[in-house]
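> Below are the sequence and a predicted model for it; my questions follow.
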Amino acid sequence: RKEVEQDPGPFNVPEGATVAFNCTYSNSASQSFFWYRQDCRKEPKLLMSVYSSGNEDGRFTAQLNRASQYISLLIRDSKLSDSATYLCVVDTGRRALTFGSGTRLQVQP
Amino acid sequence: GAVVSQHPSWVICKSGTSVKIECRSLDFQATTMFWYRQFPKQSLMLMATSNEGSKATYEQGVEKDKFLINHASLTLSTLTVTSAHPEDSSFYICSATAGLAGSYEQYFGPGTRLTVT
């Protein structure tokens, strides 16, 4: 079983749509959780950290359920510029990050 | 924000040659640097963790004699792919963390695309 699992997609949605991505992780000792965004042939960029209480940054909302070892990302009012691969990332406490394989989002006009 | 650079951004080399990739933290001192590799349509996989002045810690399955890592200063780590083969063609990305005040946020370099012919 992969340490971090994501639905690879692709998710094709129209502009303005709301889309949600899910992720599960296997190591219950994991301490920190993140969503990164990666554009084609580029390095990943931190989108947001994920906290147990849930957190929101503009159109993006992230939630963590430690009991279920489940992380989610919600994007509201999708823009064309949101098209990218979204990586669920977990820090198990070693400080090195474990990346999911990513979920590809394509927002269409 | 913290900036990490990598050089070169892409390289094409012949099978059997060695290639060195540099990773620099430009505006902060990196206590720890990480090297990742990403094959097409796959996720980033950690190769090794290096702390300044000490030997790198390699992940299982990564050959330390093939992927030589040197972290001689707090702003520079190098990865040398020795005797490269076509299967080593990949996107190599480094990241660095300053480890200040309990924060271990990682800052990623732009990556180096290696093609071995």
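The structure has been received and is ready for your questions. None of these values were measured; they are calculated from a predicted model.

> going forward, measure contacts and count neighbours with C-alpha atoms only.
OK.

> give me every residue that touches the residue nearest to B:Ala98 when sequence neighbours are not counted.
Spatially, and ignoring its direct neighbours in sequence, B:Ala98 is nearest to B:Ala30 (4.6 Å; CA to CA, 6 or more residues apart in numbering or on different chains). For B:Ala30, the contact set (CA atoms under 8 Å, 6 or more residues apart in numbering or on different chains) comprises B:Glu52, B:Leu74, B:Thr75, B:Ala96, B:Thr97, B:Ala98, B:Gly99.

> let's go with 7 Å and repeat that
B:Leu74, B:Thr75, B:Ala96, B:Thr97, B:Ala98 (CA atoms under 7 Å, 6 or more residues apart in numbering or on different chains).

> same check, this time on B:Leu46
Contacts of B:Leu46 (CA under 7 Å, 6+ apart): B:Trp35, B:Tyr36, B:Arg37, B:Glu59.

> could you say which helix or strand contains it?
According to DSSP states H and E, B:Leu46 maps onto strand B:44-51.

> so for that strand, what's the average pLDDT?
Mean pLDDT, taken over the full extent of strand B:44-51, equals 92.

> Heading C-terminal from that strand, find the next helix or strand.
Taking DSSP H and E, what comes next after strand B:44-51 is strand B:57-58.

> Give me the contact list for that next one.
By CA under 7 Å, 6+ apart, strand B:57-58 touches B:Met47, B:Ala48, B:Thr49, B:Ser50, B:Lys64.

> of all the residues you listed, which comes closest to chain A?
Of all the contacts of strand B:57-58, chain A sits closest to B:Thr49, with 7.4 Å by CA to the nearest CA.

> In contact with the closest one, which residues?
By CA under 7 Å, 6+ apart, the contact list for B:Thr49 reads B:Met33, B:Phe34, B:Trp35, B:Ala56, B:Thr57, B:Tyr58.

> so what's the closest residue to B:Pro110 other than its chain neighbours up against?
Spatial nearest neighbour of B:Pro110, chain neighbours left out: A:Glu43 (5.1 Å); criterion: CA to CA, 6+ apart. For A:Glu43, the contacting residues are B:Phe108, B:Gly109, B:Pro110, B:Gly111, by CA under 7 Å, 6+ apart.

> Turn these into CSV, including distance to A:Cys88, pLDDT and secondary structure.
Listed next are these as CSV, based on distance: CA to CA, whole Å; pLDDT from 0 to 100; DSSP: H, G, I helix; E, B strand; the rest coil:
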residue, distance to A:Cys88, pLDDT, secondary structure
B:Phe108, 16, 93, strand
B:Gly109, 19, 95, coil
B:Pro110, 19, 95, coil
B:Gly111, 19, 96, coil
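
> Could I get the full set of strands for chain A?
Remark: strands assigned in chain A by DSSP state E are A:4-6, A:11-14, A:19-25, A:32-38, A:44-50, A:55-57, A:60-65, A:70-75, A:84-91, A:97-99, A:103-108.

> tell me the most buried of those?
Among the strands of chain A, strand A:84-91 has the highest mean neighbour count (mean count of other CA atoms under 10 Å in any protein chain shown), at a mean of 24.

> burial count for the residue of chain A found nearest chain B?
Taking CA to the nearest CA as the measure, the point where chain A comes nearest chain B is A:Ser101, at 4.3 Å. A total of 23 residues lie near A:Ser101 under the criterion other CA atoms under 10 Å in any protein chain shown.
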